[in-house]
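S.K.: Have a look at this fold, sequence not included:
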């Protein structure tokens, strides 16, 4: 694997920071989409349907 990744070390700060940013954005998007659809539902109608 080291032969395929030129110039990147295991504890490279820029690589770790970019991975953290990508994972944080993915988590925020994965949380925002269901929360937006859940916020648009009327709670009274949701409780009546169950």
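M.R.: Cool, the structure landed. All of these numbers come straight from a predicted model, not from anything done at the bench.
S.K.: Would you map the helices across the chain?
M.R.: Taking DSSP state H as the criterion, the chain carries its helices at 13-39, 43-49.
S.K.: Which parts of the longest one count as buried, going by neighbours?
M.R.: Read it as helix 13-39. Within helix 13-39, no residue counts as buried by 16 or more other C-beta atoms under 10 Å. C-beta here means a position set from N, CA and C on the backbone, and glycine is covered the same way.
S.K.: Just give me how far it sits from the chain centre.
M.R.: Computed by C-alpha atoms, centre = their mean, to the nearest Å, the chain-centroid distance of helix 13-39 equals 3 Å.
S.K.: If you average the pLDDT over that helix, what comes out?
M.R.: Mean pLDDT, computed over helix 13-39, is 93.
S.K.: And the shortest one, by the same measure?
M.R.: For helix 43-49, the per-residue pLDDT values average out at 86.
S.K.: before we move on, back to that, now the helices of the chain as JSON lines including distance to residue 5?
M.R.: As requested, the helices of the chain are exported to JSON lines (distance: least, C-beta to C-beta, whole Å):
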{"stretch": "helix 13-39", "distance to residue 5": "9"}
{"stretch": "helix 43-49", "distance to residue 5": "49"}
